[in-house]
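K.L.:
I need the structure of the sequence given here:
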Amino acid sequence: MNTTEALKLRLEYELLEVQQEILILLETHSEPEYLALKNLLLCSKIADWPEKIGEHVPEKIRRKKLRIEQTQAALIQLELGFYGFCADCDAPIEIHLLESDPATQRCANCQNRTAK
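P.N.:
Below is the predicted model:
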């Protein structure tokens, strides 16, 4: 298995993990709208989850939603052959950054520039 295949597996696994974490977080809330959202998500494709989750949820769930979006973006880039290239400058993303976070979208230079 090459590095790209290993990173793809990590992304797919993380997507499943985040899905489960969101469902568990929704279960911890007693409000009926969270139970309804959980049931809606269970009947939906993972690709539709971010839109269905929306913005009016607790911060923990919003962060998980963002992670789904990032992970899905990386998986789509893999499919299209664009994975591993910086979203800002198109340079290859350093392998240590991808190994640290397979969904990363920026090379070290652009990360440093946006962090300032």
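K.L.:
Can you name the element that comes right after the helix ranked longest in the chain?
P.N.:
Ordering each helix of the chain by length in residues (DSSP state H) puts helix 3-27 first. Next helix or strand after helix 3-27 toward the C-terminus (DSSP states H and E): helix 32-42.
K.L.:
Counting by contacts, list what that next one packs against.
P.N.:
Applying 3 or more Cβ pairs under 8 Å, 6 or more residues apart in numbering; DSSP states H and E, one finds that helix 32-42 contacts helix 3-27, helix 49-53. For glycine as for every other residue, the C-beta is placed from the backbone atoms N, C-alpha and C.
K.L.:
Could you name the helices and strands sitting against the longest helix of the chain?
P.N.:
helix 32-42, helix 49-53, helix 59-80, helix 95-100.
K.L.:
can you list the ones you listed in CSV and add distance to Ile24?
P.N.:
Listed next are the helices and strands packed on helix 3-27 as CSV, based on distance: least, Cβ to Cβ, whole Å:
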stretch, distance to Ile24
helix 32-42, 10
helix 49-53, 14
helix 59-80, 10
helix 95-100, 25
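K.L.:
of all these, which lies closest to Ile22?
P.N.:
For the helices and strands packed on helix 3-27, proximity to Ile22 was assessed by Cβ to Cβ; helix 59-80 is nearest, at 4.9 Å.
K.L.:
What count of nearby residues applies to the closest residue to Arg62 other than its chain neighbours?
P.N.:
Among residues not flanking Arg62 along the chain, Glu55 sits closest, at 6.9 Å (Cβ to Cβ, 6 or more residues apart in numbering). Residues near Glu55, counting by other Cβ atoms under 10 Å, number 6.
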